[in-house]
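A.B. asks: Predicted structure and sequence below. I'll ask about it afterward.
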Amino acid sequence: MNETKINEDTNPEIEADLNELAKICCRSLAGESDAGMDRSENLLKSLLMSGYVGKKNRSFQVDLENRVKEQCRDCAMHRGGALSSISEKLAKKFADLARWESRSPSDASPSKPANISSATDA
């Protein structure tokens, strides 16, 4: 597996997280266990906290697929459909995390009591 070069539009944390996600995808394409997929959510959160979502003209799925193709060209070339499926699933998770992180509590909803005793006169 080849290491990808650092992109000047990102930072070292983003590069490390994207490279690790690409390694997980390569292992999955090679038929190794999906144990790395458990780590993927933590890596996606780390990407989000590192500011990846704020980068203009960036597509997570395209960036990930390009890195996988650089790191494990043969697997990626012969299993393009599987790569698309994996990267699409991770892109959806990333988008969901980004959407969840960007939501703020609604001002329209009233505050709720923390427990029963604070909600009653008991």
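C.D. replies: Yep, it's here.
A.B. asks: Give me the mean pLDDT for stretch 45-56.
C.D. replies: Average pLDDT, stretch 45-56: 81.
A.B. asks: Outside of that stretch itself, list whatever touches it.
C.D. replies: 9-11, 13-14, 17-18, 21, 58, 60, 94, 97-98, 101 (C-beta atoms under 8 Å, 6 or more residues apart in numbering). Where you see a C-beta, it was placed from the backbone N, CA and C, and this is true even at glycine.
A.B. asks: Lowest-confidence entry in those residues?
C.D. replies: Least confident of the contacts of stretch 45-56 in the model: Asp9, at 68.
A.B. asks: Show me how to select, in PyMOL, the buried members of the contacts of stretch 45-56.
C.D. replies: Here is the PyMOL command that selects the buried residues among the contacts of stretch 45-56 (16 or more other C-beta atoms under 10 Å):
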select buried, resi 10+14+17+18+21+60+94+97+98
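A.B. asks: From the contacts of stretch 45-56, pick the one nearest Asn42.
C.D. replies: If you rank the contacts of stretch 45-56 by distance to Asn42 using C-beta to C-beta, Asp17 comes first, at 9.2 Å.
A.B. asks: follow-up on the earlier one: compile the contacts of stretch 45-56 into JSON lines and extend it with columns for distance to Asn42 and secondary structure.
C.D. replies: Supplementary listing: the contacts of stretch 45-56 in JSON lines, determined by distance: C-beta to C-beta, whole Å; DSSP: H, G, I helix; E, B strand; the rest coil:
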{"residue": "Asp9", "distance to Asn42": "23", "secondary structure": "coil"}
{"residue": "Thr10", "distance to Asn42": "18", "secondary structure": "coil"}
{"residue": "Asn11", "distance to Asn42": "18", "secondary structure": "coil"}
{"residue": "Glu13", "distance to Asn42": "13", "secondary structure": "helix"}
{"residue": "Ile14", "distance to Asn42": "14", "secondary structure": "helix"}
{"residue": "Asp17", "distance to Asn42": "9", "secondary structure": "helix"}
{"residue": "Leu18", "distance to Asn42": "14", "secondary structure": "helix"}
{"residue": "Leu21", "distance to Asn42": "10", "secondary structure": "helix"}
{"residue": "Arg58", "distance to Asn42": "20", "secondary structure": "coil"}
{"residue": "Phe60", "distance to Asn42": "16", "secondary structure": "helix"}
{"residue": "Phe94", "distance to Asn42": "12", "secondary structure": "helix"}
{"residue": "Leu97", "distance to Asn42": "11", "secondary structure": "helix"}
{"residue": "Ala98", "distance to Asn42": "15", "secondary structure": "helix"}
{"residue": "Glu101", "distance to Asn42": "14", "secondary structure": "helix"}
